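# 3D model of this:
(one chain, ligands or ions: 1)
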Amino acid sequence: MNPFPPYSSFAEPKLSGRYITNTHIDPLLSDYNHSIIGHSTSGLPIYRIRMGTGSSKVLMWSQMHGNESTTTKSLLDLLRFLNTNPDWLDNLQLSIIPILNPDGAKAYTRVNANQVDLNRDAIDLSQVESRVLREEFDQFSPDYAFNLHDQRTIFGVNGKPATVSLLAPAFDQNRNYNSCRTLAAQLASTIFEGLHPMIGSQIGRFDDSFNPNCVGDAFQSAGVPTLLVEAGHYPDDYEREKTREYVFYAYVLALKAIATSSFSDISVYCSIPENQKLFFDFLLRDVRYLENGDMKRGDVGLQYKEVLQNSSIAFQAAFSASGDLSHCFGHIEPNCEKLDWFDFKIEESAQNVLNTLDL
Ligand SMILES: [Zn+2]
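Numbering: from 1, shown residues only. Prediction:
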């Protein structure tokens, strides 16, 4: 297994930004062994790519939440990398579903066309997309599974944005570790140790409350080591292109560990700090503002809403919280001196405030 060349040499150049749909990946699939394994609620194809004939089988699926596209971009980078570095596949057999929820991807929604969260449908299998994934899981019979998502910018760890978060989901209410979950946690340890020199402490561990309706928990319960990977915020990277690169490295680190059966110790995973909801996109500290007619002094947090406009995602700021937010952080914490002569109303347009601050 050769060391991999610089990321820029194989990153898929035809994908960028947050809005990634079947239309974007369709033209890329001809380079790979792909097929249609089902159709979405509104009839869009659900694609699967197979790669490698090795003994360790790995199932990876992305965009079961339609508006979570970063891990999909990283998957297409991975495919491009493996196409030119086939020795990496000697011991691997991959089944990759890049967009499980193409209707949600097109509409830029978390849910599918029936407004159902597919990651709460693992028991009922009420949705066609859920059944497609379960059938692939049953037929392919993977040795490892990767459940790939994006997380919101609110998540932080160690007072920094959580650029990548990992979870070895629980398989029971008591959140015990059996051999299956331990292996998933060891995979997470391996990723952490590989990424840590690159992004330091910006790696979090997700809350492991057991929910059998979540697909990761269900697959873990079925005895297949399953790892949840959440792509998160990196400073000044709302298009998540930098995060995409780190997620790609996470994939490569994990696949190398699986191919060589060499995993880091579970204690590494257990020592990763848990994600906390402590971030706003903007945090205005110690400002004067009007709220419901009352003049107040305190902190104001603004959060972006992601809105689909003309086939791309617009980021529209909105007021999110006010009061004493001294325990929180802002991805941007502007100098607010200019607001001293401008009493803004918390009910009014957040964009006006940002304009005043030249943001
Ligand atoms: Zn998600």
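# okay, now the residue in the stretch 101-250 of the chain that the ion sits nearest to: neighbour count?
Scanning the stretch 101-250 of the chain for proximity to the ion using C-beta to the ion identifies residue 149 as nearest, at 3.3 Å. The way it works is simple: take the backbone N, C-alpha and C, and place the C-beta from them, glycine included. A count of nearby residues for residue 149, using other C-beta atoms under 10 Å, gives 22.
# partner strands of the host helix or strand of it, parallel or antiparallel?
Using DSSP states H and E, residue 149 sits within strand 144-150. Strand pairing for strand 144-150, using DSSP bridges, gives strand 56-62 (parallel), strand 226-231 (parallel).
# Output that strand as CSV, restricted to C-alpha atoms.
Output of strand 144-150 as CSV, limited to C-alpha atoms (Å, rounded to 0.1, in the frame of the first residue of the first chain):
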residue,chain,number,x,y,z
TYR,A,144,-18.1,-3.0,8.6
ALA,A,145,-20.6,-0.2,8.0
PHE,A,146,-20.1,3.6,7.7
ASN,A,147,-23.1,5.9,8.3
LEU,A,148,-22.1,9.2,6.9
HIS,A,149,-23.6,12.6,7.9
ASP,A,150,-23.1,16.3,8.3
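# can you give me the mean pLDDT across that strand?
Mean pLDDT, strand 144-150: 98.
# Quick check: phi and psi at residue 93.
Residue 93 adopts backbone torsions of phi -130, psi 120, taken as degrees, to the nearest 10.
# Please identify the buried residues of stretch 149-160?
149, 150, 151, 152, 153, 154, 155, 156, 157, 160 (16 or more other C-beta atoms under 10 Å).
# Quick one: residues in contact with it.
Stretch 149-160 is contacted from outside by 62, 64-65, 67-71, 161-162, 165, 200-204, 228-233, 240, 273-281, 303-304, 329, 331, using C-beta atoms under 8 Å, 6 or more residues apart in numbering.
# Just list whatever residues bridge to the residue of the stretch 101-250 of the chain closest to the ion.
residue 230.
# State the distance from it to residue 141.
23 Å (C-beta to C-beta, to the nearest Å).
# before we move on, the earlier item: which ones among the buried residues of stretch 149-160 map onto strands?
Secondary structure of these is defined by DSSP state E; positions in strands are 149, 150, 155, 156, 157, 160.
# Averaged pLDDT, stretch 330-349. What do you get?
80.
# chain center to it, what's the gap?
30 Å (C-alpha atoms, centre = their mean, to the nearest Å).
# before we move on, the earlier item: which among the ones in strands among the buried residues of stretch 149-160 gets closest to residue 106?
Lowest distance from residue 106 to these (C-beta to C-beta) belongs to residue 150, with 16.4 Å.
# ok, and the closest non-adjacent residue to the closest one?
residue 68 (3.5 Å; C-beta to C-beta, 6 or more residues apart in numbering).
# Report the contact partners of residue 180.
Contacts of residue 180 (C-beta under 8 Å, 6+ apart): 171, 220, 223, 224, 225.
# Do you know the pLDDT at it?
Per-residue confidence (pLDDT) for residue 180: 98.
# Phi and psi next, for it.
Dihedral angles of residue 180 (phi, psi; degrees, to the nearest 10) stand at phi -70, psi -50.
# Could you shift the numbering so residue one becomes 27, and keep it that way?
With the count now opening at 27, the last piece we talked about shows up as residue 206.
# Would you mind measuring from it to residue 249?
5 Å.
# sorry, back to before: am I right that the residue nearest to residue 176 is in a helix?
No: read with DSSP: H, G, I helix; E, B strand; the rest coil, residue 94 is coil and lies in no helix.
# Near it, how many other residues are there?
24.
# What distance do you get for residue 288 to the ion?
Noted for residue 288: a distance of 29 Å to the ion, by C-beta to the ion, to the nearest Å.
# I'd like the distance between that residue and residue 218.
In terms of C-beta to C-beta, residue 288 sits 15 Å off from residue 218.
# cool, and residue 320?
Distance from residue 320 to residue 218, by C-beta to C-beta: 46 Å.
# Show me what from this protein comes close to the ion.
91, 94, 175 (C-beta under 5 Å from the ion).
# Next, the contact list for the residue lying closest to residue 123 once chain neighbours are set aside, please.
The spatial neighbour of residue 123 that comes closest, neighbours along the chain excluded (C-beta to C-beta, 6+ apart), is residue 87 at 4.0 Å. By C-beta under 8 Å, 6+ apart, residue 87 lies in contact with 122, 123, 124, 126, 159, 162, 172, 173, 174.
# same question, residue 51
By C-beta under 8 Å, 6+ apart, the neighbours of residue 51 are 41, 73, 98, 102, 124, 125.
# Would you mind putting the CA coordinates of the helix or strand harbouring it into PDB?
Secondary structure from DSSP H and E places residue 51 in helix 48-51. C-alpha atoms of helix 48-51 as PDB (Å, rounded to 0.1, in the frame of the first residue of the first chain):
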ATOM      1  CA  ASN A  48     -28.100  13.000  -8.400                       C
ATOM      2  CA  THR A  49     -27.700  15.500 -11.200                       C
ATOM      3  CA  HIS A  50     -24.200  16.300  -9.900                       C
ATOM      4  CA  ILE A  51     -23.000  12.800  -9.400                       C
END
